[in-house]
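**Q** What follows is a predicted structure for the sequence shown.
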Amino acid sequence: MEALTDEQRMVLKTVRELAEQNFAEKACTWNDQAPWENIQLLAEHGFLGLNFDEKYGGGGMTEIEAVLMIEIVSRVCPDTGLFLNSQQMLAPRAVNEFGTESAKKAYLPPIMNGEDAMALAISEPDAGSDVSAMNTTAVEDGDGFRVTGEKTWVSDVPHSSSAVVWVRYPNEGLGSLIVDFDAEGVDIANHFTNMAGHKQTQFYMEDVYVPKENVLTHGRSAFKEQLVSLNWERLGNAAMITGRMAFALDMAIEYATEREQFGQPIGDFQGIEWKLADLVKQYKAAQGLTHQAARNAVSADRTLNRLDASVATLYASEVAERVVSECLQIHGANAYQRGHPLEFLYRDVRGWRIGAGTDEIQKNQIADAIKENGLGHIV
Ligand SMILES: Cc1cc2nc3c(=O)[nH]c(=O)nc-3n(C[C@H](O)[C@H](O)[C@H](O)COP(=O)(O)OP(=O)(O)OC[C@H]3O[C@@H](n4cnc5c(N)ncnc54)[C@H](O)[C@@H]3O)c2cc1C
């Protein structure tokens with residue numbers, strides 16, 4: 001990516017070297033465990049939360065560095081990239097953007113230190129794509145709110161002590177607040193295992209007390225602000241998926257060079273050369289969209305528009321399914337075995353056409369954005 005400063009370049013190069021030296025061996029073996037040893041190593045080097053304020057233990061940089069770091073780490077260890085994405089672009093980022101000083105001081109430092117994590121709870125049994133149909137309510141009670149409702153499909157719960165929960169305030173629309181999992185009235189009902197082997201959790205809240213300092217958004221514009229924050233999740237997803245494509249391509253390029261059939265490396269057959277060329281084209285296009293969206297957002301007053309965010313994540317998740325599948329194809333039966341990294345990745349990338357907004361919802365976002373503002377301008 002052009003126009004990185006020397007400092008940005010040095011930080012990201014160090015992150016890459018650290019990941020290559022320490023994360024590669026256990027890549028794609030984490031299943032339902034969080035890769036804590038990798039997270040703690042990044043924390044020791046001060047690389048967690050690059051896009052958060054130094055006051056709360058972050059790196060004082062921008063989302064450009066955070067997005068590039070997610071991509072770089074995902075290329076070496078997809079699970080560590082997933083963790084970084086959720087902790088740099090999802091719930092903690094909402095706390096950083098909307099939280100009170102007291103919430104930021106309480107919740108962000110343990111995450112930046114690699115000691116805790118935070119989940120993002122939006123989905124409900126009857127409110128998936130249609131977030132506005134959610135039923136979890138937050139009713140004012142003295143100096144706080146009482147939260148009642150059910151959330152499901154929530155990632156990160158087993159290794160997090162709290163969640164940013166999206167709620168409905170009676171007569172005031174939607175917003176969000178922080179719920180501690182050890183608060184009275186929280187019942188963790190089920191940890192489902194998804195196709196990638198990761199846990200997604202269903203939990204109930206019954207009259208759970210949340211003090212006002214843990215309210216993130218509330219009031220007339222809350223839902224709109226909240227939806228804008230999803231653009232950052234989509235950008236992080238695009239970076240994480242792009243890194244996964246590079247992981248698969250690195251393996252396929254190496255295998256095509258080593259594996260011989262008919263007396264020559266399979267990578268010298270034009271059928272494989274053209275396949276790789278086509279896959280690399282799609283990977284590069286996804287990477288370009290992701291970097292451009294991050295760069296535009298940070299240079300335009302830290303506002304990421306939904307057109308850029310949805311185009312980047314939609315394209316990346318669509319092509320990743322094919323890229324990973326074809327990299328597996330290049331490995332033949334070798335990769336079609338339980339425990340092979342590409343077998344894991346094949347199952348994993350399928351989920352990203354659903355999580356963080358389905359393909360169809362991304363297309364709705366793109367259609368709405370172009371009706372509102374057209375394609376935008378080059379200058
Ligand atoms: C890997 C993964 C991780 C996740 N992590 C979290 C998490 O941490 N926190 C959380 O809250 N949730 C999480 N989710 C849930 C995710 O946000 C929802 O699955 C997603 O929003 C879709 O909701 P749904 O599954 O209920 O599908 P539905 O909304 O029921 O959609 C079913 C189908 O109908 C289509 N559809 C719906 N509406 C329209 C429309 N208007 N136009 C065209 N097609 C439409 C959808 O695209 C989809 O194909 C995760 C999901 C996955 C797969």
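**A** Looks like it came in fine.

**Q** Can you show me the helices along the stretch 201-350 of the chain?
**A** Using DSSP state H, counting those that start in this stretch, the helices of the stretch 201-350 of the chain run over 222-258, 270-299, 306-331, 341-351.

**Q** Can you name the residue of the chain nearest the ligand?
**A** Gly128 (1.9 Å; CB to the nearest ligand atom). (C-beta placed from N, C-alpha, C; glycine too.)

**Q** if I pick that residue, what's in contact with it?
**A** By CB atoms under 8 Å, 6 or more residues apart in numbering, the residues touching Gly128 are Trp153.

**Q** So which bits of the stretch 1-150 of the chain are right by the ligand?
**A** For the stretch 1-150 of the chain, the residues in contact with the ligand (CB under 6 Å from any ligand atom) are Leu120, Ala121, Ile122, Ser123, Gly128, Ser129.

**Q** The third one reaches Lys151, doesn't it?
**A** Looking back up the chat, that one is Ile122. Yes - between Ile122 and Lys151 a contact is recorded at 7.5 Å, counting by CB atoms under 8 Å.

**Q** between those two, which one's more packed in?
**A** Neighbour count, other CB atoms under 10 Å: between Ile122 and Lys151, Lys151 has more, with 27 against 24.

**Q** quick one, what contacts the more buried one?
**A** Lys151 makes contact with Ala121, Ile122, Ser123, Glu124, Thr136, Ala163, Val165, Gln202, Phe203, Met205, according to CB under 8 Å, 6+ apart.

**Q** Take these and write them to CSV, including pLDDT.
**A** Putting those into CSV (pLDDT from 0 to 100) gives the following:
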residue, pLDDT
Ala121, 98
Ile122, 98
Ser123, 98
Glu124, 98
Thr136, 98
Ala163, 98
Val165, 98
Gln202, 98
Phe203, 98
Met205, 98
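
**Q** out of those, which one sits closest to Leu41?
**A** Distances from Leu41 to those, taken as CB to CB, are shortest for Ala163 (25.3 Å).

**Q** Neighbours of that closest one, how many?
**A** Neighbour tally, Ala163, other CB under 10 Å: 27.

**Q** Spatially, and excluding backbone neighbours, which residue is closest to it.
**A** Distances taken as CB to CB, 6 or more residues apart in numbering place Ala119 nearest to Ala163, at 4.0 Å, with adjacent residues excluded.

**Q** Kindly report the same for Asn113.
**A** Using CB to CB, 6+ apart, the closest residue to Asn113 is Ala43 (5.4 Å).
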